[in-house]
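Trainee: this is the structure alone, sequence omitted:
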C-alpha cells in the first residue's frame, strides 16, 4: 500500500508538471514560438519562460507599462567561428509581434592572488553579485533612469568630436538587489582610451584648468564588460529608445540556482537535458564546470585586495602635440 501511495504521488506530481509545461507552451504566442530554441538567434525556452513570467509579474504590480521586455542568456558564447558577435540579448514586444536578438557582453571578472574568477573572451564560467567582482549576476531586474555623460574627444573625419555615452541603470531584486551599489546597467560597448589633453577654454566639457581629454574610441562589442550588459552602438540606440522614460523588465540567465544545479550535474556526469537543466552546449564544453561566487564569500577577498593596493596620486595626462 505504501508503494502504491508513493507511486500515485509521483504520478500526480509528474502530471502536474507536464500540465504546467504544456500551459506555458500554449501561452507563448505562435509567432514567438518560431524564435524559441537553442539555435543561432533563438532564445532558450527557460530564458523566455522566466523573462515572460517576470514581465507579467511587474505589469501586475504596476511597476512597468512598457509593451516590450528584455532577456539575456549569458551562457552563450561571444562570437561565432568567423568572429562575428553572437546574439544573446533579446528585445521582445508581443503587442507588435517583434523579436530582436543582439549581442551583449558579460562580466570579465578578476584574477587575484586569493581567488581567480576571471572569465575568458569566448565563454563565461564565473558569475557573482559581489561589488567590485566585475562579474555578471543573473536574475530579475527592472530598467531605471538613464544617464548620459561626457567621456572626452576623439578624431572623427579629421575633427575633434565630443563623445557622450548613455548608461541605463538597472534595479534588481533578491540576489541582484545591489545592482545600484555595483553600478550595474546597460550601455554601448565602446569606451574612450585617453591619450592626452588639450586646451579647451570656455567649453562646458573642459575641466577647471580649461583642458579636455582626447583619445581613441575602442569598440568591444564582441568582448567582455565590467558586469554590465553592453550592446553594439547601433543596437544600443534601439534598446535605449525602448526603455527611455518607460521602465521594463530584464531577466538575465543563469541565476545562482541554475549555476549550482548545472555544476552538480556536470560533476555527476549527468545529462543536462534529462535533468531538466540548460546551458549552452559549446560554452559548457569550453568551461567545464560553471561557478557562482556568492557575495558573502567573494566580497571579503575583494576588500582585502583593495586594502593591499599601494596608495598613489592620480596621473596627469600629457599635453596633446
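Mentor: Yes, it's here. Since the structure is predicted, the reported quantities are computational estimates derived from the model, not experimental observations. Residues are numbered from 1 along each chain as shown.
Trainee: for the chain, what spans make up the strands?
Mentor: Here the chain has its strands, by DSSP state E, at 68-73, 89-93, 98-102, 126-128, 139-156, 159-172, 185-188, 190-199, 211-219, 229-231, 249-253, 291-293.
Trainee: who's in contact with the most centrally placed residue in the chain?
Mentor: The centre of the chain sits closest to residue 229, judged by C-alpha atoms, centre = their mean, with a distance of 3.9 Å. Contacts of residue 229 were listed using C-beta atoms under 8 Å, 6 or more residues apart in numbering, and they are 72, 89, 104-105, 136, 185-186, 250, 252. All C-beta spots, glycine's among them, are computed from the backbone N, C-alpha and C.
Trainee: same thing but at 10 Å, please
Mentor: Residues in contact with residue 229 (C-beta atoms under 10 Å, 6 or more residues apart in numbering) are 70, 72, 74, 88-89, 104-107, 136, 141, 168, 170, 184-187, 189, 239, 250, 252.
Trainee: state the distance from it to residue 167.
Mentor: Applying C-beta to C-beta, to the nearest Å, the value for residue 229 to residue 167 is 11 Å.
Trainee: need the residues touching each of the two.
Mentor: Here residue 229 and residue 167 share the contacting residues 185-187, scored by C-beta under 10 Å, 6+ apart.
Trainee: buried residues, stretch 191-207. List them.
Mentor: By 16 or more other C-beta atoms under 10 Å, the buried positions in stretch 191-207 come out as 191-192, 197-198, 200, 206.
Trainee: over to stretch 117-125?
Mentor: Judged by neighbour count using 16+ other C-beta under 10 Å, the buried positions of stretch 117-125 are 117-120, 122-125.
Trainee: now, the most widely separated pair of these?
Mentor: Across the buried residues of stretch 117-125, no pair lies farther apart than 117 and 122, at 16.5 Å, counting by C-beta to C-beta.
Trainee: in the sheet, who's paired with residue 155?
Mentor: residue 160 (DSSP bridges).
Trainee: so which of the shared contacts of residue 229 and residue 167 is the most crowded?
Mentor: residue 186 (28 neighbours; other C-beta atoms under 10 Å).
Trainee: got a list of what that one touches?
Mentor: 70, 72, 89, 104-105, 141, 143, 146, 166-170, 225, 228-231, 236, 239-240, 243, 250 are the contacts of residue 186 under C-beta under 10 Å, 6+ apart.
Trainee: same question, residue 103
Mentor: 76, 78-79, 84-89, 189, 221-223, 230-232, 235.
Trainee: next, it: phi, psi?
Mentor: phi -80, psi 160 (degrees, to the nearest 10).
Trainee: these two touch, right, residue 296 and residue 130?
Mentor: Yes - using C-beta atoms under 10 Å, residue 296 makes contact with residue 130 at a distance of 8.6 Å.
Trainee: who has more neighbours, the two?
Mentor: Higher neighbour count among residue 296 and residue 130: residue 130, with 23 against 9, using other C-beta under 10 Å.
Trainee: report the contact partners of the more buried one.
Mentor: Taking C-beta under 10 Å, 6+ apart, we find residue 130 in contact with 117, 137, 178, 182, 227, 293-303.
Trainee: list just the nearest of the residues you listed to residue 62.
Mentor: Distance ranking of those against residue 62, using C-beta to C-beta, places residue 178 first at 23.8 Å.
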